[in-house]
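K.L.:
Model the following, please.
(2 chains)
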Amino acid sequence: MPHRTFFWFILPTLTAMILFIALPIVSVFIQSLHIEHEQVIVVSESCGPFGCTETTLVDTGATEELHRERPLGRLNGIGTYTNRSHLALEEIRKAWDTAGTIGSFFSQIPNLPFYKALTFTLTYTFAVTPIVLVLGLAIAVGINNLPKLLKGPTIFVSLLPMMVTPLVGSVILFRMVDGDGIIGATLQLIYDDSAPSLKASPVLTWTMLIVYGIWHILPFSFIVFYAGLQTVPRETIEAAMIDGATKWQRMMNVVVPHLMPIVIFVTLILLMDNFRVFEPIVGFSAEAHAQSLSWINFKDLREIANPLYSSAGATSMLTILGVAVVVTPVLIRTWRDFRRRSH
Amino acid sequence: MKSLAEYAHPDHLTQASNETQGLWEAGQAALGIMWGSRGGVILDNEGSSEEVTSNTVLTSAPTVAGGSIPAATLWWDGITISTNVGDAEAEATFAALVSAMTPEMVAEHNDDAVWLIEGFRPGPAAAGVAATATGGTKSYPMIPYIGLMHNALGAELVDFLKGSESAEQAIADVEAAYVTAAREAGFLN
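P.N.:
Next up is the predicted model:
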């Protein structure tokens, strides 16, 4: 397609993306460089049911004045990025200076909220993505080999986990896993009442969240691979069969290489989505054991009286950076394939 | 709290008020510290059995380490009238609300809430809150930065309750988390 035509074709989408994606990101970045004005505190008397006491209040009039003059707040530069709730550079340096051994230095890092969240986020991303890829392909191949009559209903049933809203699905599973719920009670039955509660330890909670994540996102991988399987050229498969290749060899040497572009696409999407894991943590009330970058973002914004906008903005920027870093190897591979093919 | 947590349900770190109320009404708890508003709900006819409700008695919040003030804070519901409402309307609203807060109204709706109005007689559902209030419990400090402190405590004390941190380390973490948040919100420099 000539470049001019392509440009006009893509213009509406490009405009929407700039307006609704690029500009908001720039705005959030600018917000993350500022912190609130100094609060104007005024001491006064407050009389309640038990008498009058001294109390401190925020002077709303003076605060509004300040906001009107400089709505963004005070410039803080990258101060918010390096403070304790984000990269915690000061705290890391202190830990490095005072730690006796490498072990004790590394054991202090998970105490910092950002790194605690990053650990779970990375674990979740790199556990869920490969498993979903492999299982999705396996299910797609399995369903592809079903008799025609069963294919339709089976596909419908396999798509159901993704149709359930993540929050609702995770709350339902949370109730089922409880000691009084069906899964929890069955486990107690099997282990004679000494089964560990799935919600009580970090390891089991992480496992539960990862299993839920795999269950929820599997249909996406399955349906994309299933569509790709329909395009595998029959002649190549037949030639392989004539040459005496086993099913497994046909799979590895014909089907998988043919599906490589789809695998890369699905991997990209999965990496991006899994890095932003959030709903399962809320649905399972798991924040005591597992926190993710999106969750600490949410926590900052949920402060009722003083939402920490710049802290949330900094976490958002760091999340975008994290996604970019995680996705880079896949992009490099795509770039190389593209260059190879066009030569 | 930590020593009591050893007697708690193993999932206690994932349970909020609704779940603990459910556990009480199912008869799975022997001792509970709950919001005063749950008093009426756990004593009523829904969701529980006769055996549990007849054996449920509400009392004051406990004291700690030999002190005499109950380890709790008091929250009260009040009324506010926004400043951008016209003067006449504001006066009328105030008059209407105040004229409703009479001892006669309290007598009619005695058990619906814990009233701070003359003529209130605490029933079994309000016995706990009334005892806590008369024990000299302080009101929740309604100062501007309490929300940040409350959230810092909630976020950092969990590690101590799980047993992965010492109390000193947890308190140091709370202080660091609060200072970070307060600096950002403009309360500290």
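K.L.:
how about the helices of the stretch 101-250 of chain A, start to end?
P.N.:
Chain-ordered helices for the stretch 101-250 of chain A, with DSSP state H, counting those that start in this stretch as the definition, fall at A:102-108, A:113-144, A:148-163, A:166-177, A:182-190, A:202-229, A:234-242, A:247-250.
K.L.:
could these go into JSON lines alongside distance to chain B and mean pLDDT?
P.N.:
The way it works is simple: take the backbone N, C-alpha and C, and place the C-beta from them, glycine included. Rendered in JSON lines, the data for the helices of the stretch 101-250 of chain A read as follows (distance: least, CB to the nearest CB, whole Å; pLDDT from 0 to 100):
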{"stretch": "helix A:102-108", "distance to chain B": "9", "mean pLDDT": "84"}
{"stretch": "helix A:113-144", "distance to chain B": "7", "mean pLDDT": "95"}
{"stretch": "helix A:148-163", "distance to chain B": "23", "mean pLDDT": "92"}
{"stretch": "helix A:166-177", "distance to chain B": "8", "mean pLDDT": "90"}
{"stretch": "helix A:182-190", "distance to chain B": "9", "mean pLDDT": "86"}
{"stretch": "helix A:202-229", "distance to chain B": "8", "mean pLDDT": "94"}
{"stretch": "helix A:234-242", "distance to chain B": "50", "mean pLDDT": "88"}
{"stretch": "helix A:247-250", "distance to chain B": "44", "mean pLDDT": "85"}
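K.L.:
Output those helices in CSV; the columns should cover mean neighbour count.
P.N.:
Converted to CSV, those look like this (neighbours: other CB atoms under 10 Å in any protein chain shown):
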stretch, mean neighbour count
helix A:102-108, 12
helix A:113-144, 19
helix A:148-163, 12
helix A:166-177, 18
helix A:182-190, 13
helix A:202-229, 20
helix A:234-242, 12
helix A:247-250, 12
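K.L.:
now those helices as a markdown table including distance to A:Pro12?
P.N.:
Putting the helices of the stretch 101-250 of chain A into a markdown table (distance: least, CB to CB, whole Å) gives the following:
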| stretch | distance to A:Pro12 |
| --- | --- |
| helix A:102-108 | 50 |
| helix A:113-144 | 32 |
| helix A:148-163 | 28 |
| helix A:166-177 | 30 |
| helix A:182-190 | 48 |
| helix A:202-229 | 25 |
| helix A:234-242 | 39 |
| helix A:247-250 | 43 |
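K.L.:
Quick one, which of those helices gets closest to A:Ile332.
P.N.:
Of all these, the one in closest proximity to A:Ile332, counting by CB to CB, is helix A:113-144 (16.8 Å).
K.L.:
Just want the angle from the closest one to helix A:148-163.
P.N.:
170 degrees (axes from the mean of the first three to the mean of the last three CA atoms, to 10 degrees).
K.L.:
Which among the helices of the stretch 101-250 of chain A is found nearest to B:Gly147?
P.N.:
Comparing the helices of the stretch 101-250 of chain A by CB to CB, helix A:113-144 comes nearest, at 17.3 Å.
K.L.:
check contacts around the residue nearest to the spatial centre of chain B.
P.N.:
For chain B, the residue sitting closest to the mean C-alpha position, by CA atoms, centre = their mean, is B:Trp35 at 4.3 Å. If you count contacts by CB atoms under 8 Å, 6 or more residues apart in numbering or on different chains, B:Trp35 has them with B:Ser17.
K.L.:
what helix or strand is it on?
P.N.:
According to DSSP states H and E, B:Trp35 maps onto no helix or strand at all.
K.L.:
Pop out the phi and psi values for it.
P.N.:
For B:Trp35, the backbone dihedrals are phi -60, psi 140 (criterion: degrees, to the nearest 10).
K.L.:
Can you pull the residues of chain B lying near chain A?
P.N.:
For chain B, the residues in contact with chain A (CB under 8 Å from any CB of the partner chain) are B:9-11, B:13-16, B:26, B:76, B:116, B:139, B:142-145, B:147-148, B:151, B:155, B:158-159, B:162, B:165, B:169, B:173, B:176-177, B:179-181, B:183-187, B:189.
K.L.:
neighbours of A:Arg341, just the number please.
P.N.:
Close neighbours of A:Arg341, defined as other CB atoms under 10 Å in any protein chain shown, add up to 8.
K.L.:
Give me the mean pLDDT for the helix or strand harbouring it.
P.N.:
When secondary structure is defined by DSSP H and E, A:Arg341 falls within helix A:309-342. Mean pLDDT, computed over helix A:309-342, is 91.
K.L.:
any idea how far that helix is from the chain center?
P.N.:
From the chain centre to the centre of helix A:309-342 is a distance of 14 Å (CA atoms, centre = their mean, to the nearest Å).
K.L.:
tell me the angle of it relative to helix A:113-144?
P.N.:
Compare the direction of helix A:309-342 with that of helix A:113-144 by the same axes, to 10 degrees and you get 40 degrees.
K.L.:
Mind listing what's buried along helix A:309-342?
P.N.:
Taking 16 or more other CB atoms under 10 Å in any protein chain shown as the basis for neighbour counts, the residues of helix A:309-342 that come out buried are A:309-319, A:322-323, A:326-327, A:330.
K.L.:
near chain B, which of these show up?
P.N.:
The subset of those within reach of chain B, by CB under 8 Å from any CB, is A:Ser310, A:Ser311.
K.L.:
what two of the buried residues of helix A:309-342 are the furthest from one another?
P.N.:
A:Tyr309 and A:Val330 (32.2 Å).
K.L.:
coming back round to it: quick one: the residue nearest to the centre of chain B from chain A, how far?
P.N.:
17 Å (CB to the nearest CB, to the nearest Å).
K.L.:
Once you drop chain neighbours, what's closest to the most centrally placed residue in chain A?
P.N.:
Computing the C-alpha centroid of chain A and ranking residues by CA atoms, centre = their mean puts A:Arg276 first, at 1.8 Å. With CB to CB, 6 or more residues apart in numbering or on different chains as the criterion, A:Arg276 has its nearest non-adjacent residue at 5.1 Å, and that residue is A:Ser294.
K.L.:
got the residue ranges for the strands in the stretch 1-150 of chain A?
P.N.:
A:34-35, A:41-48, A:51-58, A:74-75 (DSSP state E, counting those that start in this stretch).
K.L.:
Which of the residues of chain B next to chain A fall within strands?
P.N.:
B:Ser139 (DSSP state E).
K.L.:
Quick check on the residues of chain B next to chain A: which are buried?
P.N.:
Of the members of the residues of chain B next to chain A, the ones counted as buried by neighbours, 16+ other CB under 10 Å, are B:9, B:11, B:13-15, B:143-145, B:147-148, B:151, B:155, B:158-159, B:162, B:165, B:173, B:176-177, B:179-181, B:183-187.
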